[in-house]
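Colleague: A predicted structure for the sequence below; I have some questions about it.
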4 protein chains.
Amino acid sequence: MDGKICVIIGFGPGLGAAYAETFKQAGYSLALLSRSGATFGDEGSTDTSVRPYRCDAGNPDNLKKALSAVQSDLGEIEVVIYNADLAQFGALEDVSELQFEQSWRVGALGLFTTAKLLGSQMAERGSGVIIVSGATAALRGNVWTTVFAPSKSAQRTLANALAKQLGPRGVHVAYLVIDGVIDTEDTRTNFAPDEPDDFFIKPERIAETALMLARQDKSAWTFELDIRPFGEKW
Amino acid sequence: MDGKICVIIGFGPGLGAAYAETFKQAGYSLALLSRSGATFGDEGSTDTSVRPYRCDAGNPDNLKKALSAVQSDLGEIEVVIYNADLAQFGALEDVSELQFEQSWRVGALGLFTTAKLLGSQMAERGSGVIIVSGATAALRGNVWTTVFAPSKSAQRTLANALAKQLGPRGVHVAYLVIDGVIDTEDTRTNFAPDEPDDFFIKPERIAETALMLARQDKSAWTFELDIRPFGEKW
Amino acid sequence: MDGKICVIIGFGPGLGAAYAETFKQAGYSLALLSRSGATFGDEGSTDTSVRPYRCDAGNPDNLKKALSAVQSDLGEIEVVIYNADLAQFGALEDVSELQFEQSWRVGALGLFTTAKLLGSQMAERGSGVIIVSGATAALRGNVWTTVFAPSKSAQRTLANALAKQLGPRGVHVAYLVIDGVIDTEDTRTNFAPDEPDDFFIKPERIAETALMLARQDKSAWTFELDIRPFGEKW
Amino acid sequence: MDGKICVIIGFGPGLGAAYAETFKQAGYSLALLSRSGATFGDEGSTDTSVRPYRCDAGNPDNLKKALSAVQSDLGEIEVVIYNADLAQFGALEDVSELQFEQSWRVGALGLFTTAKLLGSQMAERGSGVIIVSGATAALRGNVWTTVFAPSKSAQRTLANALAKQLGPRGVHVAYLVIDGVIDTEDTRTNFAPDEPDDFFIKPERIAETALMLARQDKSAWTFELDIRPFGEKW
């Protein structure tokens, strides 16, 4: 598995970093795409197996350029983890058309752009993995998900359409229904400051499950699974 | 029920016309929004209870302008039937980013625009009905629904979020999962020229069910129902 | 529609009575099956269009005997409303194997018995309606539905299997996902004594929707719909 | 992980044997429950870490007796794999009440019996895993699943109810939606004799995914996942 390329679209602290750590440990070289162009590990590291790329996943030209640069720098992409998301919440009165569009651009259009560029290549060579960080909001709308649910559900049925098209051609597409609050500095500080440790999903555990999916034998692929902390009410 | 206003967004031959006929028979005055600005009934009719408005549901400014004109011409809108759709089908290789975006604009963004403008007004007065013409593609992706499924699923979870927000405030939001080919001149000619009558869903029967939904008592509302011809395999 | 026979399996106060009243008003002759052999309307009434039959829907021989008596007394059955249910709730520690079995017998096995006896006859003559009073518990389990959810989900997928088999042969099978507390003397007294009127589903409104389903044209049948009061959180 | 006890209810050639092999390799001691009392490995083996028990999972007293014997022989049970099933298929005309009941007994009632006996014990000590071999039929009925779908859907919503009750108390309940034909001598010979290797799900790959579930950290548990071969149409 050494040297295979894994691209993380939507790298950042929390889940993005956990994917990076886990897939690096598993021997993948990493391309990290984010709006900030951030990377991980020690600053000034000369580790050439991890490279950051600055791009906006909601901007098709921008994203295509970044993915082409990855291919040109690192070669054939084996695993894509689509983790880009604008988690925007609010009732109808609180959200704008702009938020509705931006959330869809980053959540759904970016996955479409990625699939157009990489899916056919993967299908032609008969291998590849596309894993999407999804959410329960993909399955149903709720009071606070006027913007988030439409974006995630578009993402999920697109992933489903891709799985059915690309699966028989050797490409494994999978969708993670993440149901709970991920343990990050941001959620600990701003979203759920008073919750105990048990309340949160540990991002490295999501990444472990993603790695397991990336390694599944093609005779027994999983398209969709849910992930939640043991104490979650659902 | 006489004189109440029903707006049909996405009027046209087939299902749009069936909604118009059915709700007119039930005593509603109609505003018919379509890209062509078409109307129905005899040309040159002086019937003032049916008015056409030209607009593109995928263009927020355009749609808002048309809906405002309806309110200014006819008054308070009681029923909205959201029937706008770009039914575009194709595998990943066959479809473009432009199609992906346009389909989402007409299917999902237009419903959001409508809800922003009319939903709060309906909620304030404590009554109103929003019925959406949906499809099975809202529930899952498939080989040919790379563009259609993400658009319809975004539409459905938006409708679901609206139902949960606006329902307790007296506004009934409902989603029709139409599962089958509607009997129209277009589908008879281009899509399924060799199928028997029984193969098709009669559009006036869908409209009847929509009228039933519009009349449901608020102690027992339906959010979602499926509609298919009796012979359909599913 | 005059004179057609409607059988209500699981007649009783509340929803059973509402089905009876609504279908009687619509011109059906009624056979009311219940464990108590109860009927409705004035005592001592000589109305021969409503007949009670005592039976236990969870006992196949018992139920078959009652349905055969209905056929012998009244003739061909056009509509079956399957409303039998043992609504038993409790966590794992609170419920017994006996409850698990009885709940399944009344909820699922009784529908199977009914379908075996009447479904084929309906299919042979090419018409008939089977409507099932279902619940949200059919879709997922929850803390208090250790017994109820397995019974209702077995009922729902059986109804679904019947719909797919009998639909193309002219028999309309439909499943009502009733989501909320029905307004009955029992629920008002024992289950939700402090709730306002708006909290409850009015049973006659469910019955109206059932009648609409029984009247749907076969070019546009509904298999499943949800029903809940407007203020319900879901 | 050495020495922990794994019970496989519904041991047999194919998937049962694959679970046994995989969990044995992972260091578990095994109790194998089956109607035949079969075991696996070399005949005459003196390996005491694998013990067969004869029982009928659809008979509560029988199953309780076998599980009590396991506890008495081997001690505390850490993992239960519920793999018992009567895969009976047929349209309404082809199946009997007896099949309907037996299928439910083995698929759903046996899981209830298991949970009553072991679930509370696991919850009291705050650890344990219950994994259920499910099927797509748990989600919907179809023409040939008049008996199978009600049994599997009852099983699934029971597992769901258990997950929500026992999860917060430290017990991981998971449901595998197996979607495809498992590669066994029986299916190769009798069910799909002309299909290529790629058509089948390899049972050892399902078992690998089950082992991964048994090892998931409780901050990120999966309740449900689907498994199908890459070429499957769905």
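Modeller: Nice, thanks for sending it over.
Colleague: make it CA atoms for all contacts and neighbour counts henceforth
Modeller: Fine.
Colleague: is stretch A:188-202 up against chain D anywhere?
Modeller: Yes: using C-alpha under 8 Å from any C-alpha of the partner chain, we find that stretch A:188-202 touches chain D at A:198, A:200, A:201, A:202.
Colleague: go through chain A and flag its longest helix.
Modeller: Longest helix in chain A, counting residues (DSSP state H): helix A:148-166.
Colleague: tell me the helix or strand right after it.
Modeller: Scanning forward in sequence from helix A:148-166, with DSSP states H and E defining helices and strands, the next element found is strand A:171-178.
Colleague: by how many degrees do that next one and helix A:148-166 diverge?
Modeller: With axes from the mean of the first three to the mean of the last three C-alpha atoms, to 10 degrees applied, the angle from strand A:171-178 to helix A:148-166 works out at 160 degrees.
Colleague: any idea how far strand A:171-178 is from the chain center?
Modeller: When C-alpha coordinates are averaged (C-alpha atoms, centre = their mean, to the nearest Å), strand A:171-178 and its chain have centres 9 Å apart.
Colleague: other SSEs contacting that strand?
Modeller: Other helices and strands packing on strand A:171-178, by 3 or more C-alpha pairs under 8 Å, 6 or more residues apart in numbering or on different chains; DSSP states H and E, are strand A:128-135, helix A:148-166, strand A:224-227.
Colleague: who does that strand pair up with?
Modeller: According to DSSP bridges, strand A:171-178 has the following sheet partners: strand A:128-135 (parallel), strand A:224-227 (parallel).
Colleague: out of these, deepest packed?
Modeller: Highest mean neighbour count of the strands paired with strand A:171-178: strand A:128-135, a mean of 24 (counted as mean count of other C-alpha atoms under 10 Å in any protein chain shown).
Colleague: check contacts around the spatially most central residue of chain A.
Modeller: Nearest residue to the geometric centre of chain A (C-alpha atoms, centre = their mean): residue A:83, 2.0 Å. Residues in contact with residue A:83, defined by C-alpha atoms under 8 Å, 6 or more residues apart in numbering or on different chains, are A:8, A:9, A:10, A:11, A:16, A:132, A:133.
Colleague: could you rerun that using 7 Å?
Modeller: A:8, A:9, A:10, A:16, A:132, A:133 (C-alpha atoms under 7 Å, 6 or more residues apart in numbering or on different chains).
Colleague: can you name the two of those that sit furthest apart?
Modeller: A:16 and A:132 (11.7 Å; C-alpha to C-alpha).
Colleague: the lowest-mean-pLDDT helix or strand in chain A: how far from the chain's middle?
Modeller: Scoring the helices and strands of chain A by mean pLDDT, DSSP states H and E places helix A:185-186 at the bottom, with a mean of 92. Centroid separation for helix A:185-186 versus its chain: 18 Å, with C-alpha atoms, centre = their mean.
Colleague: so is the longest helix of chain A next to chain B?
Modeller: Yes: contact between helix A:148-166 and chain B is present through A:149, A:150, A:151, A:153, A:154, A:155, A:157, A:158, A:160, A:161, A:164, A:165 (criterion: C-alpha under 7 Å from any C-alpha of the partner chain).
Colleague: from those, which is closest to chain D?
Modeller: residue A:164 (7.1 Å; C-alpha to the nearest C-alpha).
Colleague: ok, now how distant is that closest one from residue A:103?
Modeller: Residue A:164 sits 25 Å away from residue A:103 when distances are taken as C-alpha to C-alpha, to the nearest Å.
Colleague: before we move on, the earlier item: TSV for the helices and strands packed on strand A:171-178, including mean pLDDT?
Modeller: As requested, the helices and strands packed on strand A:171-178 are arranged in TSV below (pLDDT from 0 to 100):
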stretch	mean pLDDT
strand A:128-135	98
helix A:148-166	98
strand A:224-227	98
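Colleague: can you list these in JSON lines and add distance to residue C:108?
Modeller: Supplementary listing: the helices and strands packed on strand A:171-178 in JSON lines, determined by distance: least, C-alpha to C-alpha, whole Å:
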{"stretch": "strand A:128-135", "distance to residue C:108": "33"}
{"stretch": "helix A:148-166", "distance to residue C:108": "32"}
{"stretch": "strand A:224-227", "distance to residue C:108": "29"}
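Colleague: look up how far residue C:67 lies from residue A:131.
Modeller: Relative to residue C:67, and taking C-alpha to C-alpha, residue A:131 is found at 54 Å.
Colleague: hmm, back to that, show me how far the longest helix of chain A is from its chain's centre.
Modeller: Counting by C-alpha atoms, centre = their mean, helix A:148-166 is centred 13 Å from the centre of its parent chain.
Colleague: are any of the residues of stretch A:188-202 next to chain D buried, and if so which?
Modeller: Taking 16 or more other C-alpha atoms under 10 Å in any protein chain shown as the criterion, what is buried in these is A:200, A:201, A:202.
Colleague: so what's the residue count around residue A:41?
Modeller: A count of neighbours around residue A:41, defined by other C-alpha atoms under 10 Å in any protein chain shown, yields 11.
Colleague: pLDDT below threshold where in chain A?
Modeller: By pLDDT under 70, the low-scoring segments of chain A are A:1-2, A:42-46.
Colleague: hmm, 90 instead?
Modeller: A:1-3, A:38-49, A:87, A:191, A:232 (pLDDT under 90).
Colleague: residue furthest from the geometric center of it?
Modeller: Each residue of chain A has a distance to the centre, and by C-alpha atoms, centre = their mean the biggest one is for residue A:93: 28.9 Å.
Colleague: Three-state assignment for residue A:106, please.
Modeller: Following DSSP: H, G, I helix; E, B strand; the rest coil, the label given to residue A:106 is helix.
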